[in-house]
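J.: Return atomic coordinates for the entry below.
(chains A, B, C and D)
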2 protein chains.
Amino acid sequence: MQSQNLINVITDALPNLNKSETKVAQVILSDPDAATQSSIATLAKKAHVSEPSVNRFCKRFNATGFPDFKLRLAKSLASGIRFVNRNVDPDDDVASYTPKIIDSTINTLALVRDKISHTRVNQVVDKLIQAKRIYFFGLGASGSVARDAENKFFRFNLPVSSHDDVLMQRMLASTGGTGDVFFVISHTGRTKEVVEVAEIARRNGSTVIGLTVVDSPLAEMCTVTLDVDVPENTDEYMPMASRIVHLVILDVLATGVTLRRGPDFLPHLEKIKNSLKPTRYKNDN
Amino acid sequence: MQSQNLINVITDALPNLNKSETKVAQVILSDPDAATQSSIATLAKKAHVSEPSVNRFCKRFNATGFPDFKLRLAKSLASGIRFVNRNVDPDDDVASYTPKIIDSTINTLALVRDKISHTRVNQVVDKLIQAKRIYFFGLGASGSVARDAENKFFRFNLPVSSHDDVLMQRMLASTGGTGDVFFVISHTGRTKEVVEVAEIARRNGSTVIGLTVVDSPLAEMCTVTLDVDVPENTDEYMPMASRIVHLVILDVLATGVTLRRGPDFLPHLEKIKNSLKPTRYKNDN
DNA sequence: TCTTAAATGTAGTAAAATTACGTAAATTAT
DNA sequence: ATAATTTACGTAATTTTACTACATTTAAGA
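T.: From the prediction side, this is the model:
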């Protein structure tokens, strides 16, 4: 993997290096932080090798040159990198598992940020803008995602509802038609009931949007799919990141819709916000 | 603070910079990763300023010079996290607002990771382990967080329920007692109804756990509070990050409980996982 | 409007990194 | 063992990059 820690890479490569490269490696490993702040000349001196040797050393590790190498070394040294991609151990204490779980969520989000299709997002926003009515469907953990989505989207002055009852979902899907958008959320994309509901809705001419996994049965059934390629967690201790990802994607969609509505729509949002003020103790925003 | 992220520092300083420095800042913030790989000349060209201006800019941020500045920038960029705290503009397109929203969520999570009190997390896990029964309470957006929590915690073979009905919450709070844990989730910590419910539960001898804001009326009412110091979003376009944070904290708590239960408990979790297999199309995990 | 200070740019200089090339060491084949 | 060939390493020149000193412009204050 590209994001593998440079220091580990160097340590691993140590036995395969030749004389002068080993000298350079040792100097860097003995004080990587100092290395990031030295010039090629001082480093060469410290390692008792020539400058080009240091340069060649850098290129061996896929850097374009010495400055690039230092940059990558600096990134490896950054504090934020700590727990990246590490799983929770059965004997971890709070101070260990807390950042691990949060970091793992952060990494997943970063992945989604870089991979999500903007075209698709746009298409979905299009559909949501055109909708006369929106239904959010989800079962299990996706049920609360659907509910959260309802809480976000009712603000757009549209009939919106969320459902986690399979029978209810079937009935609604079969009564829907043009102008109705069924927004189906599924962590696996393979739950039979969910796929069937999507099929029913589709057959009746409704728009079906899927927030689910690439190439899943559900994805194939939808008008547009926002397929998220979140790595499946095999670890028992690790929580499901897809819920979080789905929520954030719904945030993105809601923002997309708000922007399309234009600035004239903002007072309406403000009104909703203010409606809650009397329910709160003072010193509020 | 020294470990403060350079990008945040630049963003904060933005209003105090003079013309050419602002130009430089904008170019760097718009693509920090590119900045770390450019020479002072190319950066100066991009920002339409002279090279010494870039150099002065770097020195203003306590760097010894341009290379040192790039190094520090690189560290801030480590682990794929862009800490940029840019807001969504009314005329942003998908490609702009999508990463902005995800980055903002990531940024908030990173903040929580560094600030959350491990002692408190431990205390809450203690209480949850000892609980005979757990009620998750939340209104509005926190309602779906509560529901998600229920979906996670029922796996521990405990009577668990979630409620978003104020009357129901009051009744349950007043009938509770020792061994009952009321887990109250609130974005603001100032919703009167919620604070009252917490008070009722507390009076009846139940344990009240708050997932809410520091120094809020709710926080003061609780046996233990996990107070999250998530920056309030004033921007209309920006989604509420606290929901996500709350969900992730609940992930952390659930993991804490799982670990305390020990390895003997894993087969039980496995059983629940397997129970869903028949509901899915094949080729599943 | 003049004075002064701050901001920015120009041009020259120094430093750093890279390349081309040559020599030395090591490896292989004879 | 020694010649041939490859690989490793260094020297020196070149190029790129960063920095400094100073000049010019712009803005602010009197």
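J.: helix/strand/coil for A:L211?
T.: Here A:L211 is recorded as strand under DSSP: H, G, I helix; E, B strand; the rest coil.
J.: Distance check, it against A:K271.
T.: A:L211 is 29 Å from A:K271, where distance means Cβ to Cβ, to the nearest Å. Bear in mind the C-beta positions are built from the backbone N, C-alpha and C, glycine included.
J.: With A:L73 instead?
T.: 53 Å.
J.: Enumerate the residues of chain A near DNA strand C.
T.: A:39-41, A:51-52, A:55, A:58, A:64-68, A:70 (Cβ under 7 Å from any atom of the strand).
J.: mind redoing it with 10 Å?
T.: Where chain A comes near DNA strand C, counting by Cβ under 10 Å from any atom of the strand, the residues are A:18-19, A:37-44, A:50-59, A:63-70.
J.: just so I have it, where are all the strands in the stretch 51-200 of chain A?
T.: A:133-138, A:160-163, A:180-185 (DSSP state E, counting those that start in this stretch).
J.: what's next to the first one, contact-wise?
T.: Residues lying outside strand A:133-138 but in contact with it, judged by Cβ atoms under 8 Å, 6 or more residues apart in numbering or on different chains, are A:128, A:144-147, A:149-150, A:153, A:158-164, A:169, A:172, A:176, A:179-186, A:194, A:197.
J.: residues near the residue in the stretch 101-250 of chain A that DNA strand C sits nearest to, how many?
T.: Residue nearest to DNA strand C within the stretch 101-250 of chain A: A:D114 (27.1 Å; Cβ to the nearest atom of the strand). A:D114 has 10 neighbours, counted by other Cβ atoms under 10 Å in any protein chain shown.
J.: Check A:T223 too.
T.: Neighbour number of A:T223 under other Cβ under 10 Å is 17.
J.: How about A:G210?
T.: Around A:G210 there are 26 residues (other Cβ under 10 Å).
J.: who's in contact with the closest residue to it other than its chain neighbours?
T.: Closest residue to A:G210 apart from its sequence neighbours, by Cβ to Cβ, 6 or more residues apart in numbering or on different chains: A:C222 at 3.7 Å. A:C222 makes contact with A:V184, A:A198, A:R202, A:V208, A:I209, A:G210 under the criterion Cβ under 8 Å, 6+ apart.
J.: ok, the residue of chain A found nearest DNA strand C to chain B distance?
T.: Using Cβ to the nearest atom of the strand, the single residue of chain A nearest to DNA strand C is A:G65, 1.8 Å away. Distance, A:G65 to chain B, by Cβ to the nearest Cβ, to the nearest Å: 11 Å.
J.: Not counting sequence-adjacent ones, nearest residue to that residue?
T.: Closest to A:G65 by Cβ to Cβ, 6+ apart is A:C58, at 6.1 Å.
J.: Just the helices from chain A, written as ranges.
T.: Using DSSP state H, the helices of chain A run over A:6-13, A:19-30, A:32-37, A:40-47, A:51-60, A:66-77, A:94-115, A:118-130, A:141-153, A:166-175, A:192-203, A:217-221, A:242-261, A:266-275.
J.: for the contacts of A:C222, which one is nearest B:L226?
T.: Nearest to B:L226 out of those is A:V184 (Cβ to Cβ; 32.9 Å).
J.: The nearest residue to the closest one once chain neighbours are set aside: how many residues sit nearby?
T.: The shortest distance from A:V184 to any non-neighbouring residue, by Cβ to Cβ, 6+ apart, is to A:F137 (4.8 Å). Using other Cβ under 10 Å, A:F137 has 29 other residues around it.
J.: can you redo the helices of chain A as TSV with distance to DNA strand D and mean pLDDT?
T.: Formatted as TSV, the helices of chain A follow (distance: least, Cβ to the nearest atom of the strand, whole Å; pLDDT from 0 to 100):
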stretch	distance to DNA strand D	mean pLDDT
helix A:6-13	13	79
helix A:19-30	3	85
helix A:32-37	12	86
helix A:40-47	8	87
helix A:51-60	4	88
helix A:66-77	7	85
helix A:94-115	27	85
helix A:118-130	32	95
helix A:141-153	44	94
helix A:166-175	59	95
helix A:192-203	54	95
helix A:217-221	45	93
helix A:242-261	34	93
helix A:266-275	33	75
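J.: These: which one's closest to B:T279?
T.: Short answer: helix A:192-203, nearest of these by Cβ to Cβ, at 5.9 Å.
J.: so A:V208 touches A:V184, yeah?
T.: Yes. Using Cβ atoms under 8 Å, A:V208 is in contact with A:V184, at 6.3 Å.
J.: who touches both of these two?
T.: What both A:V208 and A:V184 touch, as defined by Cβ under 8 Å, 6+ apart, is the set A:A198, A:C222.
J.: ok so, going back, neighbour count for A:L73 and A:K271, which is higher?
T.: A:L73 (23 against 10).
J.: any chance of the strands of the stretch 51-200 of chain A in JSON lines, plus mean pLDDT?
T.: As requested, these are arranged in JSON lines below (pLDDT from 0 to 100):
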{"stretch": "strand A:133-138", "mean pLDDT": "97"}
{"stretch": "strand A:160-163", "mean pLDDT": "96"}
{"stretch": "strand A:180-185", "mean pLDDT": "96"}
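J.: rewinding a little: from the contacts of strand A:133-138, list the buried ones, please.
T.: A:128, A:144-147, A:149-150, A:153, A:160-164, A:169, A:172, A:176, A:180-186, A:194, A:197 (16 or more other Cβ atoms under 10 Å in any protein chain shown).
J.: quick one, what contacts the closest residue in space to A:L211 that isn't next to it in sequence?
T.: Distance criterion Cβ to Cβ, 6+ apart; nearest residue to A:L211, sequence neighbours excluded, is A:I185 at 4.6 Å. Counting by Cβ under 8 Å, 6+ apart, A:I185 touches A:F136, A:F137, A:G138, A:S142, A:V145, A:A146, A:A149, A:G210, A:L211, A:T212, A:H246.
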